[in-house]
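Peer 1: A predicted structure for the sequence below; I have some questions about it.
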There are 2 protein chains.
Amino acid sequence: MAYTISHSRRLRSTPFTPGVETAGVTSYTVYNRMLLPTVFESVEFDYRHLKQHVQVWDVSVERQIELNGPDASRLMQMLTPRDLGKMKSDQCFYVPITDETGKMLNDPVAIKHSDTRWWVSIADSDLLLWVKGLAVGKGLDVRVFEPDVSPLAVQGPKANDLLERVFGPEIHEIRFFRYKRLPFKDTSFIIARSGYSKQGGFEIYVEGAEHGMPLWNALFEAGKDLNVRPGCPNLIERIEGGLLSYGNDMTMDNTPLECGLGKFCKPAEGNDHIGHAALSRELAEGPARQVRAISIPGTPLVPARAAWPLMQDGKRVGQVTSAAWSPDFETNVAIGMVDAGHWEDGTELTVETPEGSRSALVKENFWA
Amino acid sequence: MAYTISHSRRLRSTPFTPGVETAGVTSYTVYNRMLLPTVFESVEFDYRHLKQHVQVWDVSVERQIELNGPDASRLMQMLTPRDLGKMKSDQCFYVPITDETGKMLNDPVAIKHSDTRWWVSIADSDLLLWVKGLAVGKGLDVRVFEPDVSPLAVQGPKANDLLERVFGPEIHEIRFFRYKRLPFKDTSFIIARSGYSKQGGFEIYVEGAEHGMPLWNALFEAGKDLNVRPGCPNLIERIEGGLLSYGNDMTMDNTPLECGLGKFCKPAEGNDHIGHAALSRELAEGPARQVRAISIPGTPLVPARAAWPLMQDGKRVGQVTSAAWSPDFETNVAIGMVDAGHWEDGTELTVETPEGSRSALVKENFWA
């Protein structure tokens, strides 16, 4: 059953919404109280196209939080267990953010402008309120606010070709998770080699809503013979690639170690991170459950609306949190959280879906 | 153009979702990362029924934040300019919540269980993160978390009759914005005389998701001859009644005084509220703009997806943030924010809607 979405100012449109709707979006989700396109032609058509050509994605929902002031870097390090000490000023860092008990509040990408200015490109929670609350509570000298920045992603194997046409050959010098500021008409944008797919590409941080549609139009104009199309994060492709979704595959109930993010939890000595003590205990003991790829063979399942229990011998040993039929791998690809003792590669479990019980296979690695 | 909503675990279902979908919901919005029904038969049919009979509303999206511990009351007073000193332990208080600059972060209803335990029934922002951030930053001795509580509202002129049948005559002793705990099967619920309509009714705080559908079914079973129907906050009725919506009619850009909430900003001496200094300045100077009822005569307009500029002599003097056609008042009823100097009753302005410019009349009072 398909339900329509009721529009209101509260579900914010983006600078690219006129382009997205003219291009024929059919479905939305809501992410950070803003509209995120989810389907243009069909999830499967969009998936096939993403793997072959190039797509332009309105990911304005990746709202930015700016930390600006003398205490910006100190506050930034309080937020995350990842050591930011050696970060260069053209780097983007994926930074798990936890509370004082070591539980995940968000999994954003941080961009360092300078020691006194950062952007945090957030997943789906009002992280601004946590950062502001901490800053006010600690009496830090830093302003925390949402600037007028809306990311536009260009993803797919032809993303390099398309961006070269609009921004010039300097685009090739941008390394993975690094950025450059490049000119566009009478302004310039930060462009990072990053994005929520495994097909390669860029995220363009569009500063100033008025520049949104001119950029959107320039990309479609330049990419006609590359078969450029509008797109969006694709459920099938992101599960195949093991890209976790905050709110789906991890929530405030989980620690970074449970989410397979242990490599980002090796703090330097004297680390200020607010969850340092809690995570240190968990690092010593190991996590109680962990994210795994799960294969569910058989006929295609309807994507999950809620967690599906994973069972062994009648006992709950985990849950599937995202699932979709993969045309390329001819199985239902899924992401789940599995208890210790059951997460080894090849473990056979049962998953309780709304369409009945099915066999499920725990996998060490994702598909792509 | 109607867009469908893509389901995922991230857009949380509620304990009442099976009932809501069986009863024929057709549209949803997303509120606090959870599904909120918006239409059953049609907005106009639901409006007419709400004013004549009784409706059961799944308002689980009013998530609770629990403050629990020795510093709970101290923290609660830091959050709001409203003086909580004389609040009785069976009272519900509408409490504007502001940041350190006096800007609105949420406009919840607070329920006092005791000096060491509060619930905050939130509007659409992750207020939990602000409260936790402040508590951690200040080093307070209090736990802050989201308990398993999902409010179910019963609204409409026959709400008293329906609740008496399910909970007994004690229901009549509950005064406006007061609550009682009353038994239901082998449990009990806090029931407050409150709700997001002007038709009268109650909000039942359902503790434990497993009690959701039994209560839903009991209400529909008991109310057959009262013509009970499922419903939801109704756009037309809430605008007629001047019930503001956080995210629509006020945002983090506004102060409580701008939202007409000055009466809740008279703190006791020595008030701990985090925005005390900022609000004291504004109380002395008066707000720069204020919420007003706006009448837009003529043919029915499609409800607003974004703010519509309010103009006078070619100058922007405010904006309309919610609008809908009212069958009872035969005009488009609207809520807007109007600059000082233009907000007097009877001021004639122009509003720029997606369907063209229209005359708009500023009104001192809402319709109902």
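Peer 2: Here it is on my side, so go on.
Peer 1: flag every residue of the stretch 51-200 of chain A that's near chain B.
Peer 2: Residues of the stretch 51-200 of chain A found near chain B, taking CB under 8 Å from any CB of the partner chain as the criterion, are A:99-100, A:105, A:124-127, A:129-139. Every residue, glycine included, has its C-beta placed from N, CA and C.
Peer 1: tell me which entries of these lie within helices.
Peer 2: A:127, A:129-138 (DSSP state H).
Peer 1: show me the beta-bridge partners of A:Ser295.
Peer 2: A:Val333, A:Leu361 (DSSP bridges).
Peer 1: now the helices: where do they sit in chain A?
Peer 2: Using DSSP H, helices in chain A cover A:17-22, A:43-52, A:72-79, A:127-138, A:159-167, A:212-222, A:235-240, A:276-285.
Peer 1: which residues sit against the first one?
Peer 2: With CB atoms under 8 Å, 6 or more residues apart in numbering or on different chains as the contact definition, helix A:17-22 has outside contacts at A:14, A:35, A:37, A:58, A:212-213, A:216-217, A:220, A:230, B:1.
Peer 1: how about 10 Å then?
Peer 2: Helix A:17-22 has contacts (CB atoms under 10 Å, 6 or more residues apart in numbering or on different chains) with A:13-14, A:25, A:28, A:34-37, A:40, A:56-58, A:60, A:152, A:212-213, A:215-217, A:219-220, A:230, A:232, B:1, B:3, B:305-306.
Peer 1: just the buried ones from these?
Peer 2: Using 16 or more other CB atoms under 10 Å in any protein chain shown as the burial test, those include A:13-14, A:25, A:28, A:34-37, A:40, A:56-58, A:60, A:152, A:212, A:215-216, A:219-220, A:230, A:232, B:3, B:305 as buried.
Peer 1: tell me the contacts of the residue of the stretch 251-368 of chain A found nearest chain B?
Peer 2: Proximity to chain B, evaluated over the stretch 251-368 of chain A using CB to the nearest CB, is greatest for A:Arg305 at 4.3 Å. A:Arg305 makes contacts with A:354, B:6-13, B:17, B:35, as judged by CB under 10 Å, 6+ apart.
Peer 1: A:Ser194 touches A:Ala153, doesn't it?
Peer 2: Yes: shown here, A:Ser194 and A:Ala153 form a contact pair, counting by CB atoms under 10 Å, at 8.3 Å.
Peer 1: partner residues bridging A:Met311?
Peer 2: Counting by DSSP bridges, A:Met311 forms beta bridges with A:Arg316, A:Thr350.
Peer 1: now do the contacts for it.
Peer 2: Applying CB under 10 Å, 6+ apart, one finds that A:Met311 lies in contact with A:317-319, A:349-352, A:357, A:360.
Peer 1: swap in 7 Å and give it another go.
Peer 2: Neighbour list for A:Met311: A:317, A:349-350, A:352 [criterion: CB atoms under 7 Å, 6 or more residues apart in numbering or on different chains].
Peer 1: again, but for A:Met104
Peer 2: A:96, A:98, A:250, A:252, A:254-256, A:259.
Peer 1: now those residues as CSV including neighbour count?
Peer 2: CSV is the format used below for the contacts of A:Met104 (neighbours: other CB atoms under 10 Å in any protein chain shown):
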residue, neighbour count
A:Pro96, 27
A:Thr98, 26
A:Met250, 26
A:Met252, 20
A:Asn254, 22
A:Thr255, 25
A:Pro256, 28
A:Cys259, 22
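Peer 1: looking at these, which is nearest B:Phe184?
Peer 2: A:Met252 (29.3 Å; CB to CB).
Peer 1: okay, buried residues for the helix or strand of chain A with the lowest mean pLDDT please.
Peer 2: Ranking every helix and strand in chain A by mean pLDDT, DSSP states H and E puts helix A:276-285 at the bottom, with a mean of 91. By neighbour count, with 16+ other CB under 10 Å as the criterion, the buried positions of helix A:276-285 are A:276, A:278-280, A:282-283.
Peer 1: same question, stretch A:160-171
Peer 2: In stretch A:160-171, counting by 16+ other CB under 10 Å, buried: A:160-163, A:166-167, A:171.
Peer 1: look up phi and psi at A:Asp90.
Peer 2: phi -120, psi 20 (degrees, to the nearest 10).
Peer 1: surely it and A:Tyr179 touch.
Peer 2: Yes: using CB atoms under 7 Å, A:Asp90 is in contact with A:Tyr179, at 5.7 Å.
Peer 1: can you pull the contacts of the closest residue to chain B within the stretch 201-350 of chain A?
Peer 2: Closest to chain B within the stretch 201-350 of chain A is A:Gly247: 3.4 Å, counting by CB to the nearest CB. Neighbour list for A:Gly247: A:124, B:10, B:33 [criterion: CB under 7 Å, 6+ apart].
Peer 1: hmm, back to that, just the contacts of helix A:17-22: which are in strands?
Peer 2: Secondary structure assignment by DSSP state E places A:28, A:34-37, A:56-58, A:152, A:230 of the contacts of helix A:17-22 in strands.
Peer 1: out of those, which comes closest to chain B?
Peer 2: Using CB to the nearest CB, these come closest to chain B at A:Tyr28, 5.1 Å.
Peer 1: correct me, but the closest one touches B:Met1?
Peer 2: No: applying CB under 7 Å, one finds A:Tyr28 not in contact with B:Met1, separated by 11.3 Å.
Peer 1: low-confidence ranges, the stretch 251-368 of chain A, go.
Peer 2: Within the stretch 251-368 of chain A, the stretches with pLDDT under 70 are A:267-270.
Peer 1: give me the domain ranges for chain A.
Peer 2: Using automatic domain parsing, the domain ranges for chain A come out as A:17-62+A:148-239, A:64-145, A:252-363.
Peer 1: is it correct that A:Ser8 is in contact with B:Asn248?
Peer 2: Yes: the pair A:Ser8 / B:Asn248 is scored as a contact, 5.6 Å apart, by CB under 7 Å.
Peer 1: give me the number of residues near the nearest residue to A:Ile239 once chain neighbours are set aside?
Peer 2: Among residues not flanking A:Ile239 along the chain, A:Val333 sits closest, at 4.6 Å (CB to CB, 6 or more residues apart in numbering or on different chains). Using other CB atoms under 10 Å in any protein chain shown, A:Val333 is surrounded by 28 other residues.
Peer 1: my guess is A:Leu163 contacts A:Gln155. True?
Peer 2: No: look at A:Leu163 against A:Gln155 with CB under 7 Å: they stay out of range, at 10.8 Å.
Peer 1: can you pull the contacts of A:Val54?
Peer 2: A:Val54 neighbours (CB under 7 Å, 6+ apart): A:154, A:156, A:158-159, A:162, A:223, A:226, A:228.
Peer 1: by neighbours, which of these wins?
Peer 2: Each of the contacts of A:Val54 was scored by neighbours using other CB under 10 Å; the highest score is A:Gly156's, at 28 neighbours.
Peer 1: for that residue, give me phi and psi.
Peer 2: Torsion angles, degrees, to the nearest 10, at A:Gly156: phi 130, psi 160.
Peer 1: tell me how many other residues crowd A:Lys180.
Peer 2: Neighbours of A:Lys180 (other CB under 10 Å): 17.
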